[in-house]
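A.B. asks: just need the structure, nothing else, for what follows:
(chains A and B)
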Protein chains: 2
Amino acid sequence: MSELFRKHLEKFVTIDDETFHEILKYFNTKQVAKKENLLQEGQVCKHHYFVVHGLLRKFFINEKGTEQTTEFAIETWWLTDNIAYEHKQTTSCYIQAVEKTQVLYIDQESQEKLLAAFPVMERYFRFIYQRAYAAAQLRVHYLFSLSKEEFYLNLAHKHPEFVQRVPQYLIASFLGFTPEYLSEIRKKSVS
Amino acid sequence: MSELFRKHLEKFVTIDDETFHEILKYFNTKQVAKKENLLQEGQVCKHHYFVVHGLLRKFFINEKGTEQTTEFAIETWWLTDNIAYEHKQTTSCYIQAVEKTQVLYIDQESQEKLLAAFPVMERYFRFIYQRAYAAAQLRVHYLFSLSKEEFYLNLAHKHPEFVQRVPQYLIASFLGFTPEYLSEIRKKSVS
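C.D. replies: Model prediction:
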């Protein structure tokens, strides 16, 4: 498990055995059952999660009372409600395991200490936030430029393994579709 | 001009005179006239811009041929097309000065060298990207949860100086309104 994290770190920075061993002390691990919540609306958002194995999603309950999924995280992705995490505030989001999931997690104070103690981790998280920001920027661009159908086809084309793995009703929730409408689009795109 | 940049850096990190002097060598400055483009669709996105004075916006031309504004940047904000900048690709965006604007800018290779030479700048940019990501995440949340009218009222409430400063037709473009519809909402919210 820690091997996957180390491999991921080494995509961005170089770390020797001893340093990695020290870094790992700042983290805890957790197994989450399918549909178990790591975070719920109204709680203080204490943790930043790194997916070692499995799949998480983030959602909120909209005014119609339905779940609006805004993000997914698969292996090696980080997930939290970033504003609430940074300011130790209550969240309006849920983070839930879509499959049985194993995570590494850290709290905000430990993360600050980790970055202060290991400049190499400043570099690592600079890359992580830089890429997450670029992806979120692209997402906003798509929300304005693509129809929901185009957005789905783009997703299916770029991340086929993702569309295979995530249950259809959650893909629909992410795209703002009804499951029935998504099913129609899938039929159309196959034929 | 460099004083504003230094003050901004020192909100996040501590820097002595000599280090700041060295850091500044990685940047260039530019004056941009109102409505002048710093970046145009089809160009390679070479620069990352820091607004010293003035106001920039980023937009793309949608399939109806109209400008869709996706971001603004006022004093001390950074702006670029981040994916295109990181990978030195052509952009589908424009970056344009809304007012006469003064920027500091850096290219991608210089930014990498700067970060490698000055770990303190890794820390600075980690904060910058972290906050930009959190803001983009909130933006996506709002795009799903607020009506366009609520989004405008939220903006006007949280950033009144911004709504005052940016011409109405650009606020409308940012929100995906027609200028006429925005004008109606403004009348309603004042009355």
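A.B. asks: just to be sure, residue A:150 is in a helix?
C.D. replies: Yes. Assignment of residue A:150 by DSSP: H, G, I helix; E, B strand; the rest coil places it within a helix.
A.B. asks: count the residues that sit near it.
C.D. replies: Using other Cβ atoms under 10 Å in any protein chain shown, residue A:150 has 12 neighbouring residues. In short, each C-beta sits where N, CA and C put it, glycine included.
A.B. asks: and what of the one 3 residues further on?
C.D. replies: Residue A:153 has 16 neighbouring residues, counting by other Cβ under 10 Å.
A.B. asks: what about the helices in chain A?
C.D. replies: Assigned by DSSP state H, the helices in chain A fall at A:2-9, A:17-24, A:82-86, A:108-117, A:119-145, A:148-158, A:160-165, A:168-175, A:179-190.
A.B. asks: buried residues in the fourth one?
C.D. replies: Pointing back at helix A:108-117 there. A:108, A:110, A:111, A:114, A:115 (16 or more other Cβ atoms under 10 Å in any protein chain shown).
A.B. asks: how near is the nearest residue to the fourth one once chain neighbours are set aside to residue A:12?
C.D. replies: Distance criterion Cβ to Cβ, 6 or more residues apart in numbering or on different chains; nearest residue to residue A:114, sequence neighbours excluded, is residue A:26 at 4.5 Å. Using Cβ to Cβ, to the nearest Å, residue A:26 is found at 17 Å from residue A:12.
A.B. asks: where does chain A come near chain B, residue by residue?
C.D. replies: A:60, A:62-63, A:68, A:70-71, A:81-83, A:86, A:92-93, A:115, A:119, A:122-123, A:125-126, A:129-130, A:132-141, A:143-145, A:176 (Cβ under 8 Å from any Cβ of the partner chain).
A.B. asks: can I have the buried ones of those as a ChimeraX selection?
C.D. replies: Selection of buried members from the residues of chain A next to chain B for ChimeraX, criterion 16+ other Cβ under 10 Å:
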select /A:60,68,70,71,81,82,83,86,93,115,122,123,125,126,129,130,132,133,134,136,137,139,141,143,144,145
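A.B. asks: who is the residue nearest the centre of chain A paired with across the strands?
C.D. replies: Central residue of chain A (Cα atoms, centre = their mean): residue A:73, 3.0 Å from the mean position. Counting by DSSP bridges, residue A:73 forms beta bridges with residue A:56.
A.B. asks: related to what we said a few turns ago, the residue nearest to residue A:114 contacts residue A:110, correct?
C.D. replies: Yes. The pair residue A:26 / residue A:110 is scored as a contact, 4.9 Å apart, by Cβ atoms under 8 Å.
A.B. asks: dump the residue contacts of the residue lying closest to residue A:46 once chain neighbours are set aside.
C.D. replies: Nearest residue to residue A:46, sequence neighbours excluded (Cβ to Cβ, 6+ apart): residue A:107, at 5.3 Å. By Cβ atoms under 8 Å, 6 or more residues apart in numbering or on different chains, the residues touching residue A:107 are A:46, A:47, A:48.
A.B. asks: what's the closest of those residues to chain B?
C.D. replies: Within the contacts of residue A:107, proximity to chain B (Cβ to the nearest Cβ) peaks at residue A:48, which comes in at 10.8 Å.
A.B. asks: measure that closest one to residue A:88 for me?
C.D. replies: 12 Å.
A.B. asks: between those two, which has more neighbouring residues?
C.D. replies: Each of residue A:48 and residue A:88 has its neighbours counted (other Cβ under 10 Å); residue A:48 has more, 23 against 12.
A.B. asks: the bottom helix or strand of chain A by mean pLDDT?
C.D. replies: helix A:179-190 (a mean of 81; mean pLDDT, DSSP states H and E).
A.B. asks: buried residues, it. List them.
C.D. replies: Those would be A:182, A:185, A:186, for helix A:179-190 by 16+ other Cβ under 10 Å.
A.B. asks: you'd agree the second one is up against residue A:152?
C.D. replies: By that I understand residue A:185. Yes. Contact criterion Cβ under 8 Å: residue A:185 and residue A:152 qualify, at 5.7 Å.
A.B. asks: overlap in contacts, those two.
C.D. replies: residue A:177.
A.B. asks: joint contacts of residue A:48 and residue A:88?
C.D. replies: In contact with both residue A:48 and residue A:88: residue A:108, using Cβ under 8 Å, 6+ apart.
A.B. asks: got a list of what the closest residue to residue A:36 other than its chain neighbours touches?
C.D. replies: Leaving aside its sequence neighbours, residue A:36 sits nearest to residue A:97 (Cβ to Cβ, 6+ apart; 5.2 Å). Residue A:97 makes contact with A:32, A:33, A:34, A:35, A:36, A:38, A:54, A:55, A:56, according to Cβ under 8 Å, 6+ apart.
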